[in-house]
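Trainee: Here is the input, now give the coordinates:
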Amino acid sequence: NEEDKVDNEEYHPEVDNVKAYAFKMVYLAVPYTHPLENVRELRFEIINRVSGSLFSYGIFNFSPITHSHVVAEAMKVDGLATTTKWDFWAEYDCYMISLCDALWVVCLDGWKRSVGVTAEIIYAQENNIPIKYLDVHLNMERNTLQLICRDDSTVFLETKVAPIPGHLQSLIKESRDAIY
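Mentor: Residues are numbered from 1 along each chain as shown. The predicted structure follows:
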């Protein structure tokens with residue numbers, strides 16, 4: 001869709017803090033399971049933008065939600081057993097974490113209560129995999145995304161992104177601090 005394209009050529013965020021992570025593999029832990037399908041879809045849209053932004057700066061990453069959301073939907077269509085629950089994906093996700101240089105927790109609402117994110121953090125700690133905590137700030141008027149480090153409140157990365165689909169924007173506007 002032409003209107004969803006983003007021109008980042010004129011947008012030059014500070015990237016010195018990103019260089020240390022270039023060409024390393026990062027696992028992106030994010031809450032996903034929620035009783036409302038729109039919330040799951042919004043989390044999927046946000047993490048896709050986070051993942052793409054990191055790739056654009058040479059930070060290789062694995063986003064289990066980006067991968068598993070689409071796979072689970074295909075499995076459902078094919079009549080195969082699937083779920084968004086951690087138990088179904090745990091072995092696969094821990095294996096993927098073991099292949100990564102770091103685990104980055106993307107602190108969307110619900111991350112502290114998430115069974116999956118909690119298990120991923122514990123697995124990383126037990127295996128001496130460094131952990132970074134990042135807040136996401138979306139500016140829907142400017143179509144920008146910021147990743148803010150929780151440990152020192154610095155802007156880790158800021159970039160232009162495609163707009164969040166219209167039917168999900170109301171979730172952000174209605175409950176800015178509580179949904180995603």
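Trainee: Every contact and neighbour count from this point should use C-alpha atoms.
Mentor: Fine.
Trainee: What distance do you get for residue 163 to residue 50?
Mentor: Remark: distance between residue 163 and residue 50 (CA to CA, to the nearest Å) = 13 Å.
Trainee: The two: who's more crowded?
Mentor: Neighbour totals were compared for residue 163 and residue 50, and residue 50 leads with 23 against 20 (other CA atoms under 10 Å).
Trainee: what residues are up against the more buried one?
Mentor: residue 145 (CA atoms under 8 Å, 6 or more residues apart in numbering).
Trainee: In three-state terms, label it for me.
Mentor: At residue 50, secondary structure determined by DSSP: H, G, I helix; E, B strand; the rest coil is helix.
Trainee: Could you report the distance from it to residue 125?
Mentor: Note on residue 50: its distance to residue 125, by CA to CA, is 23 Å.
Trainee: With residue 29 instead?
Mentor: Taking CA to CA, one finds residue 29 at 13 Å from residue 125.
Trainee: what's the answer for residue 134, then?
Mentor: 17 Å.
Trainee: With neighbour numbers in mind, choose between the two.
Mentor: It is residue 134, of residue 134 and residue 125, that has more neighbours when counted by other CA under 10 Å, with 22 against 13.
Trainee: Hmm, residue 104 and the more buried one touching each other?
Mentor: Yes - counting by CA atoms under 8 Å, residue 134 touches residue 104, with 7.0 Å between them.
Trainee: Please go through this structure and pick out the longest strand.
Mentor: strand 131-139 (DSSP state E).
Trainee: Going along the chain, name the strands of this structure.
Mentor: Going by DSSP E, the chain shows strands at 25-29, 60-62, 102-106, 131-139, 144-149, 155-160.
Trainee: Next, the contact list for residue 62, please.
Mentor: So residue 62 contacts 25-28, 51, 96 (CA under 8 Å, 6+ apart).
Trainee: Kind regards, and thank you for your time.
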